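Student: Provided below are the primary sequence and the corresponding predicted coordinates.
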Number of protein chains: 2
Amino acid sequence: MTAGQIAKRGALTADDWTARALELLMDEGVSAVKISRLCGDLGVTKGSFYWRFEDLASLKESIAAKWCGDSTQMLAGLAELTTLEPWDRLRTMTVALVDERAWSVQRALREWARTDERVAATIAEGDVLAFDLIRRAIEELGVSARRARLRAGLLVYAGIGFVHGPSALFRPAIGDLDDLMDFLAGDAPTHAGVDQPPAT
Amino acid sequence: MTAGQIAKRGALTADDWTARALELLMDEGVSAVKISRLCGDLGVTKGSFYWRFEDLASLKESIAAKWCGDSTQMLAGLAELTTLEPWDRLRTMTVALVDERAWSVQRALREWARTDERVAATIAEGDVLAFDLIRRAIEELGVSARRARLRAGLLVYAGIGFVHGPSALFRPAIGDLDDLMDFLAGDAPTHAGVDQPPAT
DNA sequence: ACCTGAACACCGTTCAAGT
DNA sequence: ACCTGAACACCGTTCAAGT
């Protein structure tokens, strides 16, 4: 989507702006998403932007909607794959988390969400979907509903944290992923022992 | 630390700037940390700021150092409490995570860390310390070293994620915290069964 | 040594004027 | 309807000049 292609077509649509902004966000990070930069790339002046959008926040909302729409579709597609064992579904999701290209987008969206309710709502929708997929997969592994809920929450939050931490902490290896899955699938007795029916 | 108090003392120190900036970050969030705002609060002009600091990034680094110094001290203090059972140490740490006042600081620092290596190093130091404390506490609960490492990592990342997610997901209740601790302390058999010596 | 005051660059926002 | 062009506000940064 170059300036030349747009020029031939005539007027810029809101989606032209959003698409280019998302490209910039993925390729050069959040600091590249500026109105002046977009205008330069698209070959117009700032007034053109303000014809389509009320302000910068409005563009960010649009970016969030586009991004979440795409990734929701991906997650939904994964959920359809009932041919896959729950084990493999879980694994596919945890591996998807390693795609670094998506990280800067996620970080920016969560930051924007803090000052924009509509972005927050869009993001939350995706989070809940992921949580539910993971929760159900863990349940199918034979873990009780109550425990599956806790573990899914832990995993989702860990995923978010993993994306946000530059953390020279430890970058999990493939082997660690398997250990993680074992841990999530485990059915250890509770400390207080209240969660299991007596073995009569 | 009001403008009046400073004025009586004469010259502003670098720590005066850093302290006020940290206050602003905690009280009003990252958007309040601006040079012009600081100058207004401290009753001087911008030139005064640039006498003490090279640029804004330099101030951010200073804020990070101050904050991490404080919290490292807190963590170290907690580590000294060998009187506490590992169980209670873990609990104290997870509960400390619920102090919302610290969240905006953490989020800002991690964001700054992405474009400033020195901030990143300071943050990473604190992360590693927390990881180690948690890892050891879990080990003391009778979990193997290898497993403790994985679980500590999971918990640290979940903590970071918890702070970053506006996530209408689920805000864990007190009961969930206990369940979480049970889970971390559990010693479930591995899926492949390679981590345990045969029971001969 | 420490700060003022004025300038400049950059970016978001507005708006009258063009086609 | 869609965009230009010029203006303005705000903030980071610089620097000569003051004390």
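Tutor: Yep, it's here. Residues are numbered from 1 along each chain as shown, chains lettered A, B, ... in the order given.
Student: residue A:84 contacts residue A:93, correct?
Tutor: No: with contact defined as Cβ atoms under 8 Å, residue A:84 and residue A:93 do not form a contacting pair (10.7 Å). Yep, even glycine has a C-beta here, placed from its N, CA and C like the rest.
Student: state the distance from the closest residue to residue A:145 other than its chain neighbours to DNA strand C.
Tutor: Counting by Cβ to Cβ, 6 or more residues apart in numbering or on different chains, the nearest residue to residue A:145 once its immediate chain neighbours are dropped is residue A:139, at 6.1 Å. Noted for residue A:139: a distance of 45 Å to DNA strand C, by Cβ to the nearest atom of the strand, to the nearest Å.
Student: now for whichever helix or strand residue A:139 is part of, which elements pack on it?
Tutor: Using DSSP states H and E, the element containing residue A:139 is helix A:117-140. Using 3 or more Cβ pairs under 8 Å, 6 or more residues apart in numbering or on different chains; DSSP states H and E as the contact test, the elements touching helix A:117-140 are helix A:56-80, helix A:86-96, helix A:103-113, helix A:145-164.
Student: near DNA strand D, which residues of chain A?
Tutor: A:10-12, A:43-48, A:51-52 (Cβ under 7 Å from any atom of the strand).
Student: now with 10 Å, please.
Tutor: A:6-7, A:9-14, A:16-17, A:36, A:39, A:42-52 (Cβ under 10 Å from any atom of the strand).
Student: neighbour count winner among residue A:84 and residue A:93?
Tutor: Each of residue A:84 and residue A:93 has its neighbours counted (other Cβ atoms under 10 Å in any protein chain shown); residue A:93 has more, 18 against 14.
Student: hmm, the more buried one is touching residue A:77, no?
Tutor: No: the pair residue A:93 and residue A:77 does not pass the contact test of Cβ under 8 Å, sitting 11.8 Å apart.
Student: contacts for stretch A:74-92?
Tutor: Applying Cβ atoms under 8 Å, 6 or more residues apart in numbering or on different chains, the contact partners of stretch A:74-92 are A:93, A:96, A:126, A:129-130, A:133-134, A:136-138, A:140-141, A:177, A:181, A:184-185.
Student: buried ones in that stretch?
Tutor: By neighbour count with 16 or more other Cβ atoms under 10 Å in any protein chain shown, stretch A:74-92 contains the buried residues A:78, A:86, A:89-91.
Student: dump these to CSV, plus distance to residue B:107 and pLDDT.
Tutor: Formatted as CSV, the buried residues of stretch A:74-92 follow (distance: Cβ to Cβ, whole Å; pLDDT from 0 to 100):
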residue, distance to residue B:107, pLDDT
A:78, 29, 81
A:86, 34, 85
A:89, 31, 85
A:90, 29, 84
A:91, 30, 83
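Student: which member of the residues you listed is positioned nearest DNA strand C?
Tutor: Taking Cβ to the nearest atom of the strand as the measure, DNA strand C lies nearest residue A:78 of the buried residues of stretch A:74-92, at 35.2 Å.
Student: taking the centroid of chain A, which residue is nearest it?
Tutor: Central residue check for chain A by Cα atoms, centre = their mean: the C-alpha nearest the mean position is that of residue A:106, 5.7 Å away.
Student: send me stretch A:16-25 as CSV with only the CA atoms.
Tutor: Output of stretch A:16-25 as CSV, limited to C-alpha atoms (Å, rounded to 0.1, in the frame of the first residue of the first chain):
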residue,chain,number,x,y,z
ASP,A,16,-6.1,2.9,4.5
TRP,A,17,-4.9,5.0,7.5
THR,A,18,-5.5,2.1,10.0
ALA,A,19,-3.7,-0.5,7.8
ARG,A,20,-0.6,1.7,7.3
ALA,A,21,-0.6,2.6,11.0
LEU,A,22,-0.7,-1.1,12.0
GLU,A,23,2.2,-1.8,9.6
LEU,A,24,4.2,0.9,11.2
LEU,A,25,3.4,-0.4,14.7
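Student: buried residues of that stretch, list them for me.
Tutor: A:16-18, A:20-22, A:24-25.
Student: around DNA strand C, pick out the residues from chain A.
Tutor: A:31-40, A:45-51, A:53-60.
Student: from the residues you listed, list the buried ones, please.
Tutor: If we count by 16+ other Cβ under 10 Å, the residues of chain A next to DNA strand C have these buried: A:32-33, A:35, A:38-39, A:48-49, A:53, A:59-60.
Student: so which of the residues you listed are in helices?
Tutor: Those of these mapping onto helices are A:35, A:38-39, A:48-49, A:59-60, per DSSP state H.
Student: now for those residues: which two are most distant?
Tutor: Across those, the longest distance by Cβ to Cβ is 17.9 Å; it joins A:48 and A:60.
Student: need the least confident one among the helices and strands packed on helix A:117-140, by mean pLDDT.
Tutor: The stretch with the lowest average pLDDT out of these is helix A:86-96, scoring a mean of 82.
Student: next up, the contacts around residue A:49.
Tutor: Listed by Cβ under 8 Å, 6+ apart, the contact partners of residue A:49 are A:17, A:35, A:38-39, A:59.
Student: how is chain A carved up into domains?
Tutor: For chain A, automatic domain parsing gives the domain ranges A:1-53, A:64-200.
Student: out of those domains, deepest packed?
Tutor: Of all these, domain A:64-200 carries the top mean neighbour count, a mean of 17, counting by mean count of other Cβ atoms under 10 Å in any protein chain shown.
Student: returning to what we had before: okay, the buried residues of stretch A:74-92 in TSV with distance to residue B:72 next?
Tutor: Putting the buried residues of stretch A:74-92 into TSV (distance: Cβ to Cβ, whole Å) gives the following:
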residue	distance to residue B:72
A:78	41
A:86	41
A:89	40
A:90	36
A:91	37
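Student: which one of the residues you listed is nearest to residue A:119?
Tutor: residue A:78 (23.7 Å).
Student: is chain B within reach of whichever strand or helix holds residue A:26?
Tutor: In the assignment (DSSP H and E), residue A:26 maps to helix A:14-28. No: Helix A:14-28 lies out of reach of chain B by Cβ under 8 Å from any Cβ of the partner chain, never closer than 12.5 Å.
Student: tell me which residues are up against that helix.
Tutor: Outside helix A:14-28, the residues that touch it by Cβ under 8 Å, 6+ apart are A:1, A:6, A:32-33, A:37-38, A:41-42, A:49, A:52-53, A:59, A:62-63, A:66-67, A:101-102, A:104-105, A:108.
Student: all good on my end, thank you.
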